[in-house]
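**Q** Sequence and predicted structure are below.
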Amino acid sequence: MLKAYGWLTFCVVVWGSNFVFGKILVEDFSPGLLTSLRLLFIVLCLVGITAYKKNFKLVSKSDVFLILSLGVIGVFINQWSFFKGLQTADPTTSAIILAMTPILTGLLAAIFLKERLTIRMLMGSILAIIGIYFVVVKGGSSSLHFDKGLLWIVVTMITFAIMIIMTRVLSQRIDPLTITLYSNLVGFIVSIPFAFSLDTPVRMSSNITDWALLIGTAVVVHGVATLVWNNNIRHVDASKASVLSNLEPFVAMIMGLILLSKPITGVEILGSLFILAGVMLSTYQRKSGILNPVEYRTRQSRSTS
């Protein structure tokens, strides 16, 4: 049990660190090109896993539109807006905002999947919104700081929630590895014409260290960490694993302090606590079929373990 928690904590550290590593990468790669390159290596990793398992499958014509939508919205736009936002947005604040994904997912599920919207969900949403207020108030003053990059991070959160909803629908008919492979392949193909047109100027590092970081984070964050998570989550309670996953903003704070020398402010800690409390309140023992981010990561890799 202790070993399982150790590996799960490793995964949370990897996912939380991705905000800081993303911030580093956008200093040397333009967001459009970075998105395309990252998706290329993710697809290569997924093709390798699928080939090893001999698990290539076709999807039905009725699911093609959903796969295409998932690839465009849940993969390409989600990845591009993440890196676009990190050009100016603080990685810690970005992690805190993305921690609200479970709440937005629940609200979208209530609208599109006709799931019941509970009082607990509403109360949790209010707590999380209070937390967001604290982290976007500049210097603790009364004026809101609407950073342009922060708005792109909000787009990342929205597209991630949409991705979970779409995956929920598709997972009833298609295995997770097939969904992940085809959606990322669509995202990569769509990203190619935008790689050199979305950003002015286009930036690409010639430093081998930067390329190693790009490839390493693409494979480790979306491949290795997900597989490790899936192999160990079965040994612990899902609710406890979910709490671990929600610690990503705190990991981003610590990694930002270590790698970017960014001090941790009391406002950030307070906002994180409010959001964490809101997420736990709104998702605790919620009886529904919707996938939260923890379940999403698990199902996406279940067939690869």
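**A** Received the coordinates, thanks.
**Q** Assign a three-state SS to residue 198, would you?
**A** At residue 198 the chain is in coil, as set by DSSP: H, G, I helix; E, B strand; the rest coil.
**Q** which residues does the closest residue to residue 57 other than its chain neighbours contact?
**A** Counting by Cβ to Cβ, 6 or more residues apart in numbering, the nearest residue to residue 57 once its immediate chain neighbours are dropped is residue 178, at 5.0 Å. For glycine as for every other residue, the C-beta is placed from the backbone atoms N, C-alpha and C. When contacts are counted by Cβ atoms under 8 Å, 6 or more residues apart in numbering, residue 178 is found next to 55, 57, 59.
**Q** Can you tell me how far residue 178 is from residue 59?
**A** Here the distance between residue 178 and residue 59 works out to 7 Å (Cβ to Cβ, to the nearest Å).
**Q** Nearest to residue 76 among the contacts of residue 178?
**A** Distance from residue 76 was checked for each of the contacts of residue 178 by Cβ to Cβ. The minimum falls on residue 59, at 18.3 Å.
**Q** List the contacts of residue 124.
**A** Contacts for residue 124 were tallied using Cβ under 8 Å, 6+ apart; they are 103, 277, 278, 279, 280, 281, 282, 283.
**Q** switch the cut-off to 6 Å
**A** By Cβ atoms under 6 Å, 6 or more residues apart in numbering, the contact list for residue 124 reads 278, 281, 282.
**Q** Just the buried ones from these, in ChimeraX syntax?
**A** For the buried members of the contacts of residue 124, the matching ChimeraX selection, counting by 16 or more other Cβ atoms under 10 Å, is:
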select :278,281,282
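**Q** circling back to that earlier point, among the contacts of residue 178, which one sits closest to residue 231?
**A** Within the contacts of residue 178, the smallest distance to residue 231 is 17.4 Å, found for residue 55 (Cβ to Cβ).
**Q** Assign a three-state SS to that closest one, would you?
**A** Reducing the assignment to helix, strand or coil with three-state DSSP, the entry for residue 55 is coil.
**Q** Tell me how many other residues crowd the closest residue to residue 55 other than its chain neighbours.
**A** What sits nearest to residue 55 in space, not counting adjacent residues and going by Cβ to Cβ, 6+ apart, is residue 177, at 5.8 Å. Residues lying near residue 177 (other Cβ atoms under 10 Å) number 21.
**Q** Shouldn't residue 177 be within a helix?
**A** Yes: using three-state DSSP, the assignment for residue 177 is a helix.
**Q** how near is it to residue 50?
**A** The value you get for residue 177 to residue 50, if Cβ to Cβ is used, is 6 Å.
**Q** Check residue 24 too.
**A** As judged by Cβ to Cβ, residue 24 and residue 50 stand 30 Å apart.
**Q** next one: residue 31
**A** The separation that residue 31 has from residue 50, given Cβ to Cβ, amounts to 28 Å.
**Q** which one of those two has more residues nearby?
**A** residue 31 (25 against 18).
**Q** pLDDT at the more buried one, what is it?
**A** Per-residue confidence at residue 31 stands at 95 (pLDDT).
**Q** Could you check how many residues crowd around residue 271?
**A** Other residues near residue 271 number 26, with proximity taken as other Cβ under 10 Å.
**Q** check contacts around it.
**A** With contacts defined as Cβ under 6 Å, 6+ apart, the neighbours of residue 271 are 96, 131, 134, 135.
**Q** Quote the end-to-end distance of stretch 23-40.
**A** Taking Cα to Cα, to the nearest Å, the span from the opening residue of stretch 23-40 to its closing residue is 19 Å.
**Q** host element of the closest residue to residue 197 other than its chain neighbours?
**A** For residue 197, ignoring the flanking residues on the chain, the nearest one in space by Cβ to Cβ, 6+ apart is residue 32 at 7.1 Å. Following DSSP states H and E, one finds residue 32 within helix 31-53.
**Q** Can you mark which positions in that helix are buried?
**A** 31-43, 45-46, 49-50.
**Q** picking up where we left off before, from residue 31, how far out is the residue nearest to residue 57?
**A** Between residue 178 and residue 31 the distance is 28 Å, computed by Cβ to Cβ.
**Q** Check residue 63 too.
**A** Spatial separation of residue 63 from residue 31 under the definition Cβ to Cβ is 30 Å.
**Q** how about the helices in the stretch 51-200 of the chain?
**A** Using DSSP state H, counting those that start in this stretch, the helices of the stretch 51-200 of the chain run over residues 61-69, 78-86, 91-98, 101-112, 119-136, 148-170, 176-194.
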